[in-house]
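Participant: Whatever this is, show me its structure:
(chains A and B)
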There are 2 protein chains.
Amino acid sequence: MAVRRRGLMLVLSSPSGAGKSTISRAILETDDQLTISVSATTRPPRPGEVEGRDYFFTDVPSFERMVAENALLEHARVFDNFYGTPRQPVEAALSAGRDVLFDVDWQGTQQLRDNAGRDLVSIFILPPSHGELERRLWARAQDPEEVVRKRMAKAADEMSHWAEYDYIIVNDDLDDSVGKVRAILAAERARRDRLVGMPDFVASLCAGS
Amino acid sequence: MAVRRRGLMLVLSSPSGAGKSTISRAILETDDQLTISVSATTRPPRPGEVEGRDYFFTDVPSFERMVAENALLEHARVFDNFYGTPRQPVEAALSAGRDVLFDVDWQGTQQLRDNAGRDLVSIFILPPSHGELERRLWARAQDPEEVVRKRMAKAADEMSHWAEYDYIIVNDDLDDSVGKVRAILAAERARRDRLVGMPDFVASLCAGS
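Facilitator: You can find the predicted model right below:
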């Protein structure tokens, strides 16, 4: 008689420059219950990209059929290409008690939330200060001021959605932030409403007395 | 511009013999943001007990006045004595961003939940198996079988309330269980709805761009 659990869907969102990619990598490297979601896309493969590992490559009619059949948990158009999250592999992972990490912005998170309900755990990562955010946006490349300004405006737009997330991490110290994401995963895995088989387990504890 | 947080109320419940006391002690010793709630009681002080540390000692009329004035977050009668949790010190701690641990059974937890709403974080600790629970109940003292039977019946009654708790920990390994309680505390402290001052903080991140 054992207690199992349903997997969860983890979203980390942040403005660029807040440290999300570094934190995601650190978590994925050390957590063997968590895998990253693979998106479907209509964009052609780039050299070195592997079908099913980097993306599920598809064409526009197939993508549109997936949308029509509600087979995507979220989707978006970026310039001339479509990107989306196939529902079936995520559902299979959750049923098997495995967790799935998503790399989506606030719009993708909203769609996931609508489709996933309580399976979704969302974390918003914020930079510690305006100065630090600006420094990181500048440091990313030797871009003209105009480009950095646009990036800052985009960051402000993303940050305006902080209140839609379950958890907030101010990324002051990288190790500390990684520790917080790990703690959130450990806690959410112990949530009563993710556990499967509890009534039978409790009955087995009482039996024979 | 800093983000503060409201404190939380932590309840650990379990049938006796599931390891709750050991886990509580381990957490209290290492977590400097968490203190244990001090109950009011009409029971007379025992030798060595200190007012305000072990209990707030009071008489029956004063206790009844506290109940009437809704000055207790929960209360119960045990044989001829009354026990209860004064609201004011808990409220002061939460406002100051400090967390409070409660040692109450499922009935106390229900009252706290009604009074505390989202401030309450509740964890139910279960033994790993019937045999292990029985072993621990016997090991507590050299009691006649009748007494152990009663204890097991009380444990079964307590365990029947597992579904009212936010988190479930099956205490298979003590270090692992302590780690889970720590993770739950770290996660709950990062919950968006406990944070104070977020709108101003996010505004400060965007300002000057």
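Participant: what about stretch A:27-42, start to end distance?
Facilitator: Across stretch A:27-42, the terminal residues are separated by 29 Å (Cα to Cα, to the nearest Å).
Participant: Confirm for me that residue A:187 is in contact with residue B:186.
Facilitator: Yes. Counting by Cβ atoms under 8 Å, residue B:186 is a contact partner of residue A:187 at 7.4 Å. Heads up, the C-betas are built off the backbone N, CA and C, glycines and all.
Participant: Comparing those two, which shows the higher neighbour count?
Facilitator: More neighbours surround residue A:187 than the other of residue A:187 and residue B:186, with 26 against 18 (other Cβ atoms under 10 Å in any protein chain shown).
Participant: So for the helix or strand containing the more buried one, what gets flagged as buried?
Facilitator: Here residue A:187, judged by DSSP states H and E, is contained in helix A:174-189. Buried residues in helix A:174-189, counted by 16 or more other Cβ atoms under 10 Å in any protein chain shown: A:177-178, A:180-189.
Participant: what does stretch A:81-88 give?
Facilitator: Buried, per 16+ other Cβ under 10 Å, within stretch A:81-88: A:82-87.
Participant: which stretches of chain A aren't confidently modelled?
Facilitator: In the predicted model of chain A, residues A:1, A:139-141, A:208-209 satisfy pLDDT under 70.
Participant: ok, which stretches of it are helices?
Facilitator: Ranges of helices in chain A, per DSSP state H, are A:20-30, A:60-68, A:87-95, A:106-116, A:130-139, A:145-159, A:174-189, A:198-206.
Participant: Other residues contacting the longest one?
Facilitator: Read it as helix A:174-189. Helix A:174-189 is contacted by residues A:5, A:8, A:10, A:12, A:19, A:22-23, A:26-27, A:30-31, A:33-34, A:99, A:121, A:123, A:125, A:167, A:169, A:171, A:194, B:167, B:179-180, B:182-184, B:186-188, B:190 when judged by Cβ atoms under 8 Å, 6 or more residues apart in numbering or on different chains.
Participant: The same query, at a cut-off of 6 Å, please.
Facilitator: Residues outside helix A:174-189 that contact it (Cβ atoms under 6 Å, 6 or more residues apart in numbering or on different chains) are A:8, A:23, A:26-27, A:121, A:167, A:169, A:171, B:183-184, B:186-187, B:190.
Participant: quick one: which of these is nearest to residue A:136?
Facilitator: Checking the contacts of helix A:174-189 against residue A:136 with Cβ to Cβ, the nearest one is residue A:171 at 10.0 Å.
Participant: mind checking how far the closest one is from residue A:129?
Facilitator: 11 Å (Cβ to Cβ, to the nearest Å).
Participant: Comparing the two, which residue is more hemmed in?
Facilitator: More crowded of residue A:171 and residue A:129, by other Cβ under 10 Å: residue A:171, with 22 against 15.
Participant: follow-up on the earlier one: give me the subset of the buried residues of stretch A:81-88 touching chain B.
Facilitator: Checked against chain B using Cβ under 6 Å from any Cβ of the partner chain, the buried residues of stretch A:81-88 give no members in range.
Participant: Closest one of those to chain B?
Facilitator: Nearest to chain B among the buried residues of stretch A:81-88: residue A:85, at 23.5 Å, using Cβ to the nearest Cβ.
Participant: contacting residues around the closest one?
Facilitator: Contact analysis of residue A:85 by Cβ under 6 Å, 6+ apart lists A:37, A:39, A:72-74.
Participant: hmm, 10 Å instead?
Facilitator: By Cβ atoms under 10 Å, 6 or more residues apart in numbering or on different chains, the contact set of residue A:85 is A:9, A:37-40, A:56, A:71-76, A:100, A:102, A:104, A:108, A:111-112, A:115.
Participant: Repeat that for residue A:158.
Facilitator: By Cβ under 10 Å, 6+ apart, residue A:158 lies in contact with A:13-16, A:18, A:105-107, A:124.
Participant: ok, now residue A:73?
Facilitator: By Cβ under 10 Å, 6+ apart, the contact list for residue A:73 reads A:9, A:37, A:84-88, A:90-91, A:100, A:102, A:104, A:108, A:111-112, A:114-116, A:119-120.
Participant: from the residues you listed, which would you call buried?
Facilitator: Among those, those scoring as buried are A:9, A:37, A:84-87, A:90, A:100, A:102, A:104, A:108, A:111-112, A:115-116, A:119-120 (criterion: 16+ other Cβ under 10 Å).
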